[in-house]
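Participant: sequence? don't have it. structure:
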């Protein structure tokens with residue numbers, strides 16, 4: 001296998017204004033009515049989406065917007081699940097809703113397999129990754145993850161106020177995924193820029209978005225060249241050598257999967273750790289109970305995942321249809337809100353409350369259907385380790401200034417600034 005221009009071809013062609021299926025739209029501006037004009041980029045949504053979702057679930061369970069060239073937002077668990085389990089009518093060829101669509105020719109592989117893949121290609125592409133993310137495989141990373149969490153706390157020990165998002169939460173998944181992929185850990189600041197470019201820059205003009213996202217693919221191209229020259233025991237070398245149906249993976253498949261692992265492996269866990277610490281900082285009863293009952297942590301982390309699920313995925317309608325009262329058109333976006341599904345009172349008792357000893361908790365934080373997160377065991381390990389070490393080292397902490405907490409805009413929601421007072 002050689003690294004060549006095909007590594008970046010799929011994404012860059014997708015972003016050209018004259019590409020098939022692409023429709024640039026203006027999506028900025030305040031929301032008028034969330035039922036007919038929603039935008040997940042709106043500051044009100046970023047700050048606190050749950051009251052909006054609760055209202056929509058009652059009066060308009062599948063909201064509509066003309067932004068993004070036309071999109072739908074289901075808020076009931078049963079609707080989110082039905083779409084997630086129906087790849088025949090809802091394509092995953094682009095899982096990031098933005099102001100342009102990828103051409104239909106990109107299916108069934110998509111730009112970041114397997115998350116962007118449709119059947120039948122999806123099944124085999126997903127199988128390639130499963131061995132690296134089993135419970136047993138993930139366990140070997142836990143001791144190093146815990147040591148790293150301790151080192152982060154050592155770095156700000158003695159200070160009264162720290163930013164738990166910037167100085168703790170975001171660094172943990174960066175360290176873990178960089179090690180798995182065989183990337184230099186000192187490149188962490190670049191990874192965070194890649195996350196922002198890809199997930200939070202969706203309303204940028206196409207030319208600027210191409211430029212920003214190209215930095216990610218240029219970096220991955222460099223890493224592939226380095227691994228070709230010096231193979232080692234990591235996920236990147238594994239993907240370079242992997243075969244699908246007896247053939248080496250297409251270069252675009254390799255780089256797309258690497259992009260998926262890097263971006264999804266960082267932002268989702270960073271957000272989950274930060275949201276959990278935010279909850280504990282403002283809820284002294286839960287914090288004190290977890291310090292006194294550390295064996296409850298595994299159950300509590302599942303509740304944090306349910307209540308503060310960070311991930312919303314996108315789908316594209318395959319063809320015109322009337323679906324549960326909605327007249328959907330081919331290539332309409334569907335914003336598949338797993339956070340909204342997790343707060344549906346028809347599915348969860350006391351859905352709006354955080355109950356850290358909740359036993360029955362079949363939440364959808366890791367998705368539903370064929371695209372359920374392949375890295376869920378890894379994310380759980382990182383979240384538990386991060387919270388366990390923090391509570392051991394810092395049992396007493398509060399929000400320093402609740403109004404100073406900021407949240408990411410877009411489809412991955414978590415604290416981006418989280419000032420915590422620890423003394």
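Facilitator: Yep, it's here. Here the structure is a predicted model, which is why all the values come from computation and not from measurement. Numbering: from 1, shown residues only.

Participant: the strands in the stretch 1-150 of the chain, which residues?
Facilitator: For the stretch 1-150 of the chain, the strands defined by DSSP state E, counting those that start in this stretch occupy 62-65, 71-74, 90-91.

Participant: Please produce CSV containing those, extended by distance to residue 83, mean pLDDT and mean neighbour count.
Facilitator: (C-beta placed from N, C-alpha, C; glycine too.) Output for the strands of the stretch 1-150 of the chain, formatted as CSV (distance: least, CB to CB, whole Å; pLDDT from 0 to 100; neighbours: other CB atoms under 10 Å):
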stretch, distance to residue 83, mean pLDDT, mean neighbour count
strand 62-65, 10, 96, 22
strand 71-74, 7, 98, 24
strand 90-91, 5, 98, 24
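
Participant: Turn those into CSV, including distance to residue 159.
Facilitator: Formatted as CSV, these follow (distance: least, CB to CB, whole Å):
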stretch, distance to residue 159
strand 62-65, 44
strand 71-74, 41
strand 90-91, 48
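
Participant: Any idea which of those strands gets closest to residue 104?
Facilitator: strand 90-91 (8.1 Å; CB to CB).

Participant: strands paired with that closest one, and their directions?
Facilitator: strand 312-317 (antiparallel) (DSSP bridges).

Participant: So what touches whichever helix or strand comes after the strand it pairs with?
Facilitator: Following strand 312-317 in sequence order, the next helix or strand is strand 321-323 (DSSP states H and E). The contact list for strand 321-323, computed with CB atoms under 8 Å, 6 or more residues apart in numbering, reads 89, 328.

Participant: what comes into contact with the very next helix or strand once past strand 321-323?
Facilitator: Downstream of strand 321-323, the next assigned helix or strand under DSSP H and E is strand 326-328. Strand 326-328 is contacted from outside by 62, 64, 72, 317, 320, 321, 322, 334, using CB under 8 Å, 6+ apart.

Participant: Please apply the same query to stretch 230-249.
Facilitator: Residues contacting stretch 230-249 (CB under 8 Å, 6+ apart): 1, 124-125, 128, 132, 179-183, 223-224, 227-228, 253-254, 257-258, 261.

Participant: can you check stretch 109-125 too?
Facilitator: Taking CB under 8 Å, 6+ apart as the rule, stretch 109-125 contacts 10-11, 14, 87-88, 91-95, 102, 106-108, 126, 128-129, 244-245, 250, 252-253, 256-257, 259-260, 264, 370-371, 374.

Participant: which residues touch the one residue sitting closest to the centre of the chain?
Facilitator: The centroid of the chain falls nearest to residue 268 when counting by CA atoms, centre = their mean (4.0 Å). Applying CB under 8 Å, 6+ apart to residue 268 gives the contacts 173, 310, 311, 373, 379, 412.

Participant: Report the contact partners of residue 315.
Facilitator: Residue 315 touches 83, 90, 91, 92, 95, 333, 334, 336, counting by CB under 8 Å, 6+ apart.

Participant: Neighbour-wise, give me the winner out of those.
Facilitator: When neighbours are counted by other CB atoms under 10 Å, residue 336 leads the contacts of residue 315 with 30 neighbours.

Participant: Determine whether the claim that it is in a strand is correct.
Facilitator: Yes - Residue 336: assigned to a strand according to DSSP: H, G, I helix; E, B strand; the rest coil.
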